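A.B. asks: here is a sequence with its predicted model. Questions after.
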Amino acid sequence: MALREIITVPNPLLKQVSQPVAAVDDDLRALMDDMLETMYDAPGIGLAAIQIGVPKRVIVMDLSREGEEKQPRYYVNPEILWASDETAPYEEGCLSVPEYFDEVERPARVKLRYLNYQGEQVEEDADGLFAVCIQHEMDHLDGILFIDHLSRLKREQAVKKVKKLTRAA
């Protein structure tokens, strides 16, 4: 496993639409292991492959709380089959938009289908933080950042803040 660099706004790769994965193989599992290590190191709770510059439809996630046993999850070619009409606001942040948080309204519940770490197809219902996180990460696969759900002014403020942070680093 290896740590990868997380790219930040305004890197144009983040606006790229990721490509479907043909099969879950050892190379893809190695990528997912690197992504998980990178996400834990950041630290974060979700990471899409495009955030490390790999335009594949792959997400890793771990919603366990501090002090709990780690519960890594892997999503290959995820798709939302159904989303509730009911929405819920949640304050989101993003490893590609460091130190910026804002409220985003998303469907409160979704049903998704994906391939897991072994390449098995899974269908699952998500609500609460899980629903928020999977939708946030799936947006990345389509070149959408959480700040794209905000007003133009807030979006510009977020990018300006990140540029300032990266210049200072």
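C.D. replies: Okay, I see it.
A.B. asks: could you pull out the helices for this structure?
C.D. replies: Listed in chain order, the helices of the chain (DSSP state H) span 26-41, 128-141, 152-168.
A.B. asks: center of this protein - which residue?
C.D. replies: residue 137 (2.7 Å; C-alpha atoms, centre = their mean).
A.B. asks: quick check, residue 86 in contact with residue 110.
C.D. replies: No. Counting by C-beta atoms under 8 Å, residue 110 is not a contact partner of residue 86; they are 11.1 Å apart. Any C-beta I mention is one placed from the backbone N, CA and C, and that applies to glycine too.
A.B. asks: what does the model give the residue nearest to the centre of the chain for pLDDT?
C.D. replies: Model confidence at residue 137, expressed as pLDDT, equals 98.
A.B. asks: my guess is it contacts residue 61. True?
C.D. replies: Yes. Shown here, residue 137 and residue 61 form a contact pair, counting by C-beta under 8 Å, at 6.6 Å.
A.B. asks: name the residues contacting each of those two.
C.D. replies: 46-47, 75 (C-beta atoms under 8 Å, 6 or more residues apart in numbering).
A.B. asks: which of the helices of the chain sits closest to residue 100?
C.D. replies: Checking those against residue 100 by C-beta to C-beta gives helix 152-168 as the closest, at 4.5 Å.
A.B. asks: just give the closest residue to residue 38, not the sequence neighbours.
C.D. replies: Here the nearest residue to residue 38 in space, its sequence neighbours aside, is residue 4; by C-beta to C-beta, 6 or more residues apart in numbering that works out to 4.7 Å.
A.B. asks: sorry, back to before: kindly reformat the shared contacts of residue 137 and residue 61 as TSV containing pLDDT.
C.D. replies: As requested, the shared contacts of residue 137 and residue 61 are exported to TSV (pLDDT from 0 to 100):
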residue	pLDDT
46	98
47	98
75	98
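A.B. asks: for residue 46, the count of nearby residues, please.
C.D. replies: Counted with other C-beta atoms under 10 Å, residues neighbouring residue 46 total 25.
A.B. asks: same deal with the one 10 residues further on?
C.D. replies: Taking other C-beta under 10 Å as the neighbour definition, residue 56 ends up with a count of 19.
A.B. asks: and it, how far from residue 104?
C.D. replies: Distance, residue 56 to residue 104, using C-beta to C-beta, to the nearest Å: 24 Å.
A.B. asks: output the helices of the chain in JSON lines; the columns should cover distance to residue 16.
C.D. replies: JSON lines is the format used below for these (distance: least, C-beta to C-beta, whole Å):
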{"stretch": "helix 26-41", "distance to residue 16": "16"}
{"stretch": "helix 128-141", "distance to residue 16": "10"}
{"stretch": "helix 152-168", "distance to residue 16": "17"}
